[in-house]
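# sequence first, then the predicted structure:
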Amino acid sequence: MVDREAYFNIPFPPVIDGHFLPYRTTQRFNNLAHLKPSGSVMLGMNSNEASYFLLYSLVSNASFDTNSEALPVTTEEEYFKGLLKVLDLEHHMRPDLMKFLAQYTQFEYKNYSEMIEGNLFVSDRLQMVGWSGQTDSTWTRMLEEISSDKGFKCPLVEFAQALVNSNRGSHNRLSLRSATPRTYFYEFAHRTESLPWPKWMKTVHGQEIEYIFGALFSPLFMNKFYGFTKPEMDLADRMMTYWANFARTGEQKRYMCKTLSANQKSVTVETSRGIGNPNIMADGKSIRASQNNSPETASESNCKWPHSLPMTYWEEFTEKTESYLILDTDRIFVARKPRSRQCKYWNRWYPVLTQQAENISGSCPRKK
C-alpha cells in the first residue's frame, strides 16, 4: 500500500512517519524481532489474486461483459505495455534499460517450449508432458501470474517466512524476544462455477470470503447473485470448520471420531496427510486400530465429522517444511513451499536487478 502500483493505486496511502509506521516493507521483513504476535496466525492467498485489479486498470477489451471467453491481452505488444505498468516502469527515463528488466522478468514466466521453436523433436516431447505452444492466452496468463506474485503472493509468503524464522526471537534485548507463533497458510484454488466474471480471471481476489462465512447457504445471496453446486457447498462446510476451529483453539487439530469396523469393533479413524508415516493409506488417511483390530477393517461411512465430511489435516507452516493447505472442490491437500522459485526472483533477485538498472540509469543518463 505504501509502494503504490500503477494497476492498484491508493489515493491516500499510509505515510512512513517513523513512529506509527517506522519501517518500509523491506526493512520490516529484514528485522522482525520487534513483532510480538499475541497468538497463532492464519494467512493465505487465492490462486489468481491480481486478475480482479488487472481487469479494471489494464483491460482495453470491454467485450468481457458480453463474452466471458474474451481475453484482455492477445498480443506481445499489449503484454509488454501492461507489464511495464505492473512493474511501474512505463515512465522511466531509461526505457531501454527497463525493457530489458521486463524481458528478464518474462523469462521467469515463459513457457520453455517457446525458447526452442524450430526443434520439432524437442517440441513434440514437451507437448507430450504437458507443455503447450504460444497461444493468445499465454500473454494474459503471464501478466496475471506476474502481477499476482509481485503484488500479493510473494510479499505474503515472505511475511509468513519471517514469522516462523527461528532467529526472529533472538533479539539482543530480552524484553523484545518473542516465540515463533503457530502459523497456518492456505491457497484457495477454486473458481465458483456460476461466477459471472470472465473465465480468464479464474480464482479472483476475495472469492474465498463467501465460502468462509457461509454465503453458499443463504437463499437471499443465491437469489440476488448466483448459485452454487453441491461440491462447492461441501468445500464451504470444510472451510468453515477449519476457520471456526482456528478461532476457538488457535490451531488445527486432527479431527477424530469413532466408527465401526466390518466386524462391529470400535476403531479410531484420523484424517491426516501424515507424510512419512508408514500407516498412511494411498488416499491420505491414517488409520489407527484399537487393540487387535486390523486397519483395513475401518469403515469411513459411519464416521461422523462435524458435518459428516472427511477432513484433511492442516499442517503448520514451519521454517523447515513451509507446509500449506490447498483448498479446492476436487481435493484438499497439503503442499510445500508456495511459489518458491517465483518468490526467490521477486524477493531476492528482482530488487538487485532494479538497483543495478537504477545505478546505470543515474551514472549514464540517456542522451536526448
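Received it, and whenever you're ready, just let me know what you need.

# mind listing the strands in the stretch 101-250 of the chain by residue range?
Secondary structure of the stretch 101-250 of the chain, counting by DSSP state E, counting those that start in this stretch: strands at 183-188.

# so where's it shaky on pLDDT?
112-136, 167-179 (pLDDT under 70).

# now do the SS call for Ala335.
Following DSSP: H, G, I helix; E, B strand; the rest coil, we place Ala335 in the strand state.

# for the top helix by length along the chain, name the packing helices and strands.
In the chain, assigned by DSSP state H, the helix with the most residues is helix 230-249. Counting by 3 or more CB pairs under 8 Å, 6 or more residues apart in numbering; DSSP states H and E, the packing neighbours recorded for helix 230-249 are helix 209-212, strand 323-327. (C-beta placed from N, C-alpha, C; glycine too.)

# switch to 6 Å and redo it
In terms of contact count using 3 or more CB pairs under 6 Å, 6 or more residues apart in numbering; DSSP states H and E, helix 230-249 is assigned the packing partners helix 209-212.

# buried ones in the helix it packs on?
Along helix 209-212, the positions that meet the burial threshold by neighbour count (16 or more other CB atoms under 10 Å) are 210-211.

# got it, and stretch 349-356?
Of the residues in stretch 349-356, those buried under the neighbour-count criterion (16+ other CB under 10 Å) are Tyr350.

# before we move on, what about stretch 207-221?
Residues of stretch 207-221 classed as buried: 207-208, 210-211, 216, 221 (neighbour count, 16+ other CB under 10 Å).

# distance to Met142 added to those residues, as CSV?
Written out in CSV, the entries for the buried residues of stretch 207-221 read as follows (distance: CB to CB, whole Å):
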residue, distance to Met142
Gln207, 21
Glu208, 24
Glu210, 28
Tyr211, 28
Leu216, 32
Phe221, 34
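
# pick out the most distant pair among those residues.
Greatest spacing in the buried residues of stretch 207-221, by CB to CB: Glu208 and Phe221 (14.9 Å).

# separation between the residue nearest to Glu76 when sequence neighbours are not counted and Gln106?
Closest residue in space to Glu76, ignoring its immediate chain neighbours: Trp139 at 6.6 Å, by CB to CB, 6 or more residues apart in numbering. Note on Trp139: its distance to Gln106, by CB to CB, to the nearest Å, is 10 Å.

# can you get me a residue count around Lys154?
Quick fix: residue 154 is Cys, not Lys. Residue neighbour count, defined by other CB atoms under 10 Å, stands at 21 for Cys154.

# and if you look at the one 4 residues further on?
Neighbouring residues of Glu158 were enumerated by other CB under 10 Å; the total is 17.

# try the one 3 residues further on
The criterion is other CB under 10 Å. On that basis, Gln161 has 21 neighbouring residues.

# likewise for Tyr186?
22.

# can you check Ser166 too?
What Ser166 shows, counting by other CB under 10 Å, is a neighbour count of 10.

# tell me the contacts of Gly250?
39-40 (CB atoms under 6 Å, 6 or more residues apart in numbering).

# ok, now how distant is it from Ala160?
Distance from Gly250 to Ala160, counting by CB to CB: 16 Å.

# cool, Lys153 as well?
Here the distance between Lys153 and Ala160 works out to 11 Å (CB to CB).

# who has more neighbours out of Trp139 and Gln106?
For Trp139 versus Gln106, neighbours defined as other CB under 10 Å are more numerous around Trp139 (23 against 17).

# just to check, that one is in contact with Val73?
Yes: applying CB atoms under 6 Å as the test, Trp139 and Val73 come out as touching, 4.4 Å apart.

# now do the helices in the protein.
Shown for the chain, the helices assigned by DSSP H span residues 25-30, 51-57, 76-86, 95-109, 120-128, 136-148, 154-163, 209-212, 219-224, 230-249, 340-344, 350-363.

# which of the ones you listed sits closest to Gly18?
When the helices of the chain are compared by CB to CB, helix 25-30 sits nearest Gly18, at 11.5 Å.

# now the closest one: mean pLDDT?
For helix 25-30, mean pLDDT is 55.

# ok, stretch 346-360 next?
85.

# send me that stretch as PDB with only the CA atoms.
Included here for stretch 346-360 are C-alpha records, laid out as PDB according to Å, rounded to 0.1, in the frame of the first residue of the first chain:
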ATOM      1  CA  TRP A 346      10.800 -11.200  -6.600                       C
ATOM      2  CA  ASN A 347      12.200 -11.100  -3.100                       C
ATOM      3  CA  ARG A 348      15.900 -11.700  -3.900                       C
ATOM      4  CA  TRP A 349      16.900 -11.100  -7.500                       C
ATOM      5  CA  TYR A 350      14.400  -8.500  -8.800                       C
ATOM      6  CA  PRO A 351      15.400  -5.800  -6.200                       C
ATOM      7  CA  VAL A 352      19.100  -6.400  -7.200                       C
ATOM      8  CA  LEU A 353      18.300  -6.100 -10.900                       C
ATOM      9  CA  THR A 354      16.300  -3.000 -10.300                       C
ATOM     10  CA  GLN A 355      19.000  -1.400  -8.200                       C
ATOM     11  CA  GLN A 356      21.600  -2.100 -10.800                       C
ATOM     12  CA  ALA A 357      19.400  -0.600 -13.500                       C
ATOM     13  CA  GLU A 358      18.900   2.500 -11.400                       C
ATOM     14  CA  ASN A 359      22.600   2.800 -10.800                       C
ATOM     15  CA  ILE A 360      23.300   2.600 -14.600                       C
END
